Every structure is written in structure tokens, then in C-alpha cells.
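*Asks:* Just to be clear, the model below is a prediction. Sequence and coordinates:
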Amino acid sequence: MKHSCRSLIGTLTAVTLMGLVSPAAMADEPVPSPSDDVVAEQPTNPPAETPTADSSAPPATNAPSTAPAETQPTTAPDPTADPSNKPSDPPAEPKREWREENGKQYFYENGVKKTDTWITWNNLKYYFGTDGALKTETWLHQGDNWYYVDYYGAAMTGRREVDGVDYFFDSDGVMQANRWIEQDGGSFYVQSSGAVATNTWLHLGDKWFYVDAKGIRAVGLVKVGTEWYHFSDDGVMSTGWKQIDGSWYYLGDSGAMATGWKQIEGTWYYLGDSGAMATGWQQIDGNWYYLGDSGAMATGWQQIDGNWYYLGDSGAMATGWQQIGSTWYYFNGSGAMATGWQQIGGNWYYLGDSGAMATGWQQIGSTWYYFNGSGAMATGWQQIDGSWYLFSKHGSMATGWQQIGGNWYHLNSNGTMSTGWQQIGGTWYYFDGSGAMATKKWIEGTFYVDDSGAMLVSTTRTIDGWNYTFDGNGRWITVNNGGYSCPAWAQIKGNASSKIYHRPGNQSYDITKPEACFSTGTQAEAAGYHAAKR
């Protein structure tokens, strides 16, 4: 049925086409040939008419009795000349026609069958073999060129499919190979076999290209398999850094677009899911990172918008307490380095202008503070290097008089807590080992401090029913029934007019030794005592 249709269609086509242009189908009235015999028709003499009496016509006295003989030409006519042609007319078109013979198509020109040649008919090329039969649905190899003729025998042109494979033929029907074909719908590549390359990578010279399922050359960002690639306007695969629509992308040596973290020439970059290079602050997997204008990941100390940040070796932004080198720093929730006073976890800390956490003694403004090894500000009583200091609830070091828990304490100008005898403002006070000021108490059995803590000097005071006299140095003499008692002061036994002796420079006497009492001044002086002035 296919061949019957083909024969019918071919016949109809041939008839139609020949009907348009075939000389055979355009036969005119026959034109006589100059070689045909042309004989002049001899006139027949009419019978002589006998005039009648009433005839008015004159007699034909001068008419010839026979027709004149035809004048013969002096030269013979050209038997091949077409008497209808003029010298200026073009030569006649050759007679061209299709013929079907034994189910095959042939082509004749002026009655001659064309063989082993191409014939152009209605702008299509046809090939007739050595037997003159039209070639159909077959490859033709002529010289270095390949052709393919279709079902109707016409040489294919343009992009055409043959046995499921696409090929490209130029306007002369020549199959193209090893070249790019540029068309409005995109460019494609024909391989050495002539087949259009599809769904494949092409390595041409030192360049890589990719063609899709239709063979169209990829341009711009294209996903191949699971990877993204970029191709220039002429289809060349990009590698390295590439700016696309205002964003930067990195394409590895394989051309695959990088995503996520990528170390390039020793520097780390972050390329998002889209592959676009990130800049500025980026939160990635719960951590914050800073990427400069070049996209390079920052590490170490960075001043950004007036604040200092610290980014570790991994680039992650530090928060909270961080020991950098041998120094502690504190970074708030936004990562900015803290300075000055900071209350953290219920404790106060001081961080200098450099952010370094203060420890030990620190004078801030005009006030002294103490920060322990953890940096926490000290408050209350603190023993530092063997001495006691008092700090307010605000951390300031106390000096001077301080009343704490009903006791009075005195802190020296350097903050150390006073103990023992201390002369303050011209008055002597005594502070026990805890630093508490003594009041209403005998000190060393010789001195007495009153309820204000002041040592009694140059006065007589009744204490616990006894009268005590104190000299200018605070030393006392007890009076008992008008006599002097022995303890503490050496004396000669006798009446009140007796002299009192004491050891030079010694304010304390052992009251447990009765030999401190002498019966004569000579004995006292022999023991190293000297008379006291009265």
C-alpha cells in the first residue's frame, strides 16, 4: 500500500509538476516545418461568360487565359529553420518530463533519460542512478560528501531525522559534520558521523560544551544531572569565579558550581544553596559568621560597624566568656565585645577599653576595686596577700572608720584593716586580731580604752569602783588607801611621799613578780629602775 501510494503520489506529483512546466504538457498548435512541401493552389479559370444584349460589362479583352506561374526562389530554404522564430528570440526550453516505467521514476530531457546525475525540480534536488531510476530513502556518498534522499527522492536539507537520528544537511543537501550549526532556536553540534549530539558533554579543543536532549547548546546556568554549571553566551563551560546577574559564583575545575563552604586558595567562602557567594553576617548551622565584601570568611579580631568581634579559627562568632591567649573577654549575645562594668551571672566584672577582664587591684576613676582570679568584683571582707580589706556592696575599697555589725573598724588609707595600737587623729585606739576596736577594756593590764575606744591619757577615772590615774602616755597608777599599789609600777614601800620608779622605755610590767617592789630607792635603781617624775 505504501509503494502504491508512493507511486500514485509520485505520478500525481509528476503530472502536476509537468502540467505546470513540462513542455509535453503545454503542447501548442503544430508549427509547420520549412521542410514541408508548400504548393500554391492554381486558380481555375471561370467559364467565359457570353455577354447578352443588355450586358453593360465590357468584354474582357485583356484578361490572361491562365494564372501566372509561381516565382521560384533563387536559393533553397533551410530545412531546420523554424519560420516562427525571430533572430532575437531565446532558444526554446528543453523538454523535461518525469516518466514512470515499471514502477520506477525516471527523468527525461528532450527525450533523453538522465542517468547518474542530480536534477533540480521545483528547487528540490533528485538523484538518478546509473540506470536512470530515481533514488529514494537512501544515503548517497559522492566524493567527500554524503547525502540522504527521502521517500520522494528529494535530497534532505536542514535538520532532519534519519532512522531515529538527527542530521543536518546544507542547502545543497550535503551532510554536515564536526561543526556547530547556528539556528534561531539555538546552536547544535554535528559529530564526525554527522549525527547531532544530544544529552552529552563535548570536549572541543580545550573547551567543554554541553548539549541538551534536543542537541541545543547550553548557555547560562544549566543543571546537568545533580550539578549546576555555567556556560558563556557561546556555550563554553565556565570555571573559577563568575559574576552572574550581580552575584558571584564559583565553578570548580570540573565546572560544577560550588555550594556551601568552599576553601579556595587557602581562604574559606560560603556559597548558599543557590551557589551565590555570601557576604556580611550569615547564620549557618546555628553559628554566626562574617564574610567580607570579597566573600572571604573572617577569623580573629574584627571591628565591624564600630564594634569588636572575635571569630574563631572556624570563623564562628564568639559569645560569652572567651579566653584568648591568656586574657579573658566577654562577648554579648550579638557577639559584640563588652567593655566597662558588666553584671554577668549575678557578679560584677570590669572589662577595660581593650575588653580585657580585670583581675586583682584596679583603680577605676578615683576608686579602688579588687577582682578575684575569676574576674568577679570583691565585696565585704577580703583577705588579700595576708591583709584584710573591706569592700562595699558596690565593690569600692573602704578606708577610715567603718561600723559593721555593732563593731567599729578602721581601714588605713591603703585599705588594710587596722589591728593593735593605732594612733588616729591624735588619739590612740586598740584593735583586736579581728580588727574590731576595743572599748571599755584594759589593754595589756596597763592601758585602758573608754567606750569611744580612746585610750585614757593624763586623767583619773573610776573604773569598776577603783580610781585609776593615767599619765600622759596612758600608763596608769592605782591609788589604794592613799598608797601606791605595786603591780605594774615599781615603788618603794612606804608612804605616799615615796618615789615611783619605772624601767626606761618599758610601758609594760610583769605584775606577777613581787620583786618589782623595792623597799628603798637604791634597790630600785640597782635593778635598773628610774624615779618617775611627780
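*Replies:* Received the coordinates, thanks.

*Asks:* burial of residue 306, as a residue count?
*Replies:* Residue 306: 6 surrounding residues under other Cβ atoms under 10 Å. Quick note: C-beta positions are derived from backbone N, CA and C, even for glycine.

*Asks:* what do you get for residue 145?
*Replies:* Neighbours of residue 145 (other Cβ under 10 Å): 14.

*Asks:* from memory it sits against residue 170, does it?
*Replies:* No: between residue 145 and residue 170 there is no contact under Cβ atoms under 8 Å: 9.6 Å.

*Asks:* hey, where'd the helices end up in the stretch 151-300 of the chain?
*Replies:* In the stretch 151-300 of the chain, no helices are defined using DSSP state H, counting those that start in this stretch.

*Asks:* Okay, now the unreliable bits of it?
*Replies:* For the stretch 151-300 of the chain, applying pLDDT under 70 flags no range at all.

*Asks:* and if you look at the chain?
*Replies:* For the chain, applying pLDDT under 70 flags the ranges 1-91, 477-534.

*Asks:* quick one: residue 153 from residue 137, how far?
*Replies:* 8 Å (Cβ to Cβ, to the nearest Å).

*Asks:* who has more neighbours, these two?
*Replies:* residue 153 (22 against 13).

*Asks:* wait, what's in contact with that one?
*Replies:* Each residue near residue 153 by Cβ atoms under 8 Å, 6 or more residues apart in numbering is listed here: 105, 126-127, 134-136.

*Asks:* If we use 10 Å, what do you get?
*Replies:* Counting by Cβ atoms under 10 Å, 6 or more residues apart in numbering, residue 153 touches 6, 10, 105, 119, 121, 124-128, 133-138.

*Asks:* The residues you listed in strands, which ones?
*Replies:* 105, 119, 121, 124-128, 138 (DSSP state E).

*Asks:* Now for these: which two are most distant?
*Replies:* 121 and 138 (18.2 Å; Cβ to Cβ).

*Asks:* picking up where we left off before, filter the ones in strands among the contacts of residue 153 to the buried ones?
*Replies:* 105, 119, 121, 125-128 (16 or more other Cβ atoms under 10 Å).

*Asks:* of those, closest to residue 211?
*Replies:* Nearest to residue 211 among those, with distances taken as Cβ to Cβ, is residue 125, at 29.0 Å.

*Asks:* Now that closest one: closest residue in space that isn't a chain neighbour?
*Replies:* Nearest non-adjacent residue to residue 125, counting by Cβ to Cβ, 6 or more residues apart in numbering: residue 155, 4.2 Å away.

*Asks:* Quick check: the one you found touching residue 134?
*Replies:* No: in this structure, residue 155 is not within contact of residue 134 by Cβ atoms under 10 Å, at 11.5 Å.

*Asks:* Please identify every residue contacting each of those two.
*Replies:* By Cβ under 10 Å, 6+ apart, the residues touching both residue 155 and residue 134 are 126-127, 149.

*Asks:* So for residue 145 and residue 170, which residues contact both of them?
*Replies:* Going by Cβ under 10 Å, 6+ apart, residues that sit against residue 145 and also against residue 170 are residue 176.

*Asks:* Tabulate the shared contacts of residue 155 and residue 134 (TSV), appending distance to residue 160.
*Replies:* Output for these, formatted as TSV (distance: Cβ to Cβ, whole Å):
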residue	distance to residue 160
126	16
127	16
149	11
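
*Asks:* roughly how far apart are the residue nearest the centre of the chain and residue 131?
*Replies:* The residue lying closest to the centre of the chain (Cα atoms, centre = their mean) is residue 277, at 1.6 Å. Counting by Cβ to Cβ, the separation of residue 277 from residue 131 is 70 Å.

*Asks:* do residue 118 as well
*Replies:* Counting by Cβ to Cβ, the gap from residue 118 to residue 131 is 16 Å.

*Asks:* Those two: which is more packed in?
*Replies:* The neighbour count for residue 118 versus residue 131, taken as other Cβ under 10 Å, is higher for residue 118 (15 against 10).

*Asks:* From the ones in strands among the contacts of residue 153, pick the one nearest residue 438.
*Replies:* The closest of the ones in strands among the contacts of residue 153, once distances to residue 438 are taken by Cβ to Cβ, is residue 138, at 131.5 Å.

*Asks:* Return the closest of the buried ones among the ones in strands among the contacts of residue 153 with respect to residue 379.
*Replies:* residue 125 (106.7 Å).

*Asks:* Make sure that closest one is actually in contact with residue 170.
*Replies:* No: look at residue 125 against residue 170 with Cβ under 10 Å: they stay out of range, at 11.5 Å.

*Asks:* any shared contact partners between the two?
*Replies:* By Cβ under 10 Å, 6+ apart, residue 125 and residue 170 have these common neighbours: residue 157.

*Asks:* Break this protein into its domains for me.
*Replies:* What the TED database lists as the domains of the chain is 93-176, 456-533.

*Asks:* Just the endpoints, please. Distance across the longest one?
*Replies:* Here the two ends of domain 93-176 are set 35 Å apart, with distance taken as Cα to Cα, to the nearest Å.

*Asks:* Quickly note the distance from residue 169 to residue 430.
*Replies:* 123 Å.
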